[in-house]
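Peer 1: Model the following, please.
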Amino acid sequence: MLNNVVLEDTSTDTCHLRFTAADLATVRVVPSLGRAPETALALELLARTRCRTGFEAWQRAVHGALTDRSPGLLREMLTIGRQRATIDALLSGGLTDSRVVTVVREFHEVAVAPYWAGLMAEMETERDTRCRVLPTGGLAGMLESLHPRMEWCSPDLAVPCSRASVDLDGRGILVAPSPFLTGTPRVIVPVRADRPVALVYPVTLDRALLGGIWSGGTAEQRSLGPLLGRTRAAVLAALTDTRASVELSRALDISSAAVSQHTSILRAAGLISSQRTVNALLHTLTPLGAALLRGSARG
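Peer 2: Predicted coordinates:
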């Protein structure tokens, strides 16, 4: 279950995003900005005195793993996570300190990579939920649904965050949820002028679901993993809605070739069916696959 949340929402500042007609035509809602931005937000979260609700097990696991590697390295990471300017530089692509880049990459290996597939499957669901607002609420309704203090007043979007207002000027905008972001949304302006501005908003995940992710996958993946293999179990769990191969590749962070291999095996076992359209190969659970998934969740 996914819900919008406001944690530690003490900001009284407002950033105005000023849209042109071209920007309105190119708004894209994505499940994530990618590994590097999520790693920066995760590092910032780890450095907080009070971790986000549901992330306590993650915090303990990361602290333990980093302490085993080097107590000094953990202290260095926490110092970086407390430096807002450094986090902002990581998010915008403007960081030039090679030592910080090296440390952040090591942090990613311990704190983000092991949980990426599970978190991104849930962010795919969140993205789809936001997009379902569009037919009835339009773009303004979808944007305002991201946070209770978000307000659309054409051609501006008022965002509760502490940064200067931004003229998009045709750069376009990416809208993305983040499980690691707390409090108010974050507006990210890449240093490269040919990259779109990003609007990241906080969401929270059900504690039970998070417990499954921190322990190595969702409930379905843990129960079906020994039977199908962990990746194929993840593919099956991701097909509660029909998805194209490219969506599975993105959601599970596996290659297109791996998606093709695993869906072929699941199809041969009668657990999914696949249908080719002009532009994509769409995969759907069969009744047998759905029954297997339901049984694993109950177990």
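Peer 1: Would you map the helices across the stretch 1-150 of the chain?
Peer 2: Assigned by DSSP state H, counting those that start in this stretch, the stretch 1-150 of the chain shows helices spanning 21-25, 35-46, 56-69, 71-81, 84-92, 98-111, 116-131, 134-144.
Peer 1: May I see the buried residues of the first one?
Peer 2: Neighbour-count burial for helix 21-25 flags Asp23 (criterion: 16 or more other Cβ atoms under 10 Å). Where you see a C-beta, it was placed from the backbone N, CA and C, and this is true even at glycine.
Peer 1: can you list contacts of that helix?
Peer 2: Here helix 21-25 makes contact (Cβ atoms under 8 Å, 6 or more residues apart in numbering) with Leu139, Pro155, Leu168, Asp169, Gly170, Arg171, Gly172, Ile173.
Peer 1: Ok, the last one next?
Peer 2: If you take Cβ under 8 Å, 6+ apart as the criterion, helix 134-144 is touched by 24, 27, 29, 130-131, 133, 145, 150-152, 154, 157, 175.
Peer 1: From the residues you listed, which land in strands?
Peer 2: Counting by DSSP state E, the part of the contacts of helix 134-144 found in strands is Val29, Glu151, Trp152, Leu157, Val175.
Peer 1: what sits against the closest residue to the second one other than its chain neighbours?
Peer 2: With sequence-adjacent residues excluded and distances taken as Cβ to Cβ, 6 or more residues apart in numbering, Glu151 is closest to Ala158, at 4.3 Å. Contacts of Ala158 were listed using Cβ under 8 Å, 6+ apart, and they are Thr14, Cys15, His16, Arg149, Met150, Glu151, Trp152.
Peer 1: likewise Trp58?
Peer 2: Going by Cβ under 8 Å, 6+ apart, Trp58 touches Cys51, Ala111, Tyr115, Leu210, Trp214.
Peer 1: Pull stretch 277-293 out as CSV, backbone CA atoms only.
Peer 2: This file holds the C-alpha atoms of stretch 277-293, laid out as CSV (Å, rounded to 0.1, in the frame of the first residue of the first chain):
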residue,chain,number,x,y,z
THR,A,277,1.6,-5.4,-30.4
VAL,A,278,3.1,-3.1,-32.9
ASN,A,279,5.6,-1.6,-30.5
ALA,A,280,5.8,-3.9,-27.5
LEU,A,281,5.5,-7.5,-26.1
LEU,A,282,2.9,-7.4,-23.4
HIS,A,283,2.9,-10.0,-20.5
THR,A,284,-0.1,-11.0,-18.4
LEU,A,285,-0.6,-13.5,-15.6
THR,A,286,-2.6,-16.6,-16.6
PRO,A,287,-5.2,-17.9,-14.1
LEU,A,288,-2.6,-20.5,-13.0
GLY,A,289,0.0,-17.7,-12.4
ALA,A,290,-2.5,-15.6,-10.5
ALA,A,291,-3.5,-18.5,-8.3
LEU,A,292,0.2,-19.3,-7.6
LEU,A,293,0.8,-15.7,-6.6
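Peer 1: mean confidence score for that stretch?
Peer 2: Stretch 277-293 comes out with an average pLDDT of 86.
Peer 1: which residues are in contact with that stretch?
Peer 2: With Cβ under 8 Å, 6+ apart as the test, stretch 277-293 has contacts from 220, 224, 236-237, 239-240, 242-246, 248, 263, 266-267, 270-276.
Peer 1: 7 Å instead, please
Peer 2: Under the contact criterion Cβ atoms under 7 Å, 6 or more residues apart in numbering, stretch 277-293 has outside partners 220, 236-237, 239, 242-246, 248, 263, 270-275.
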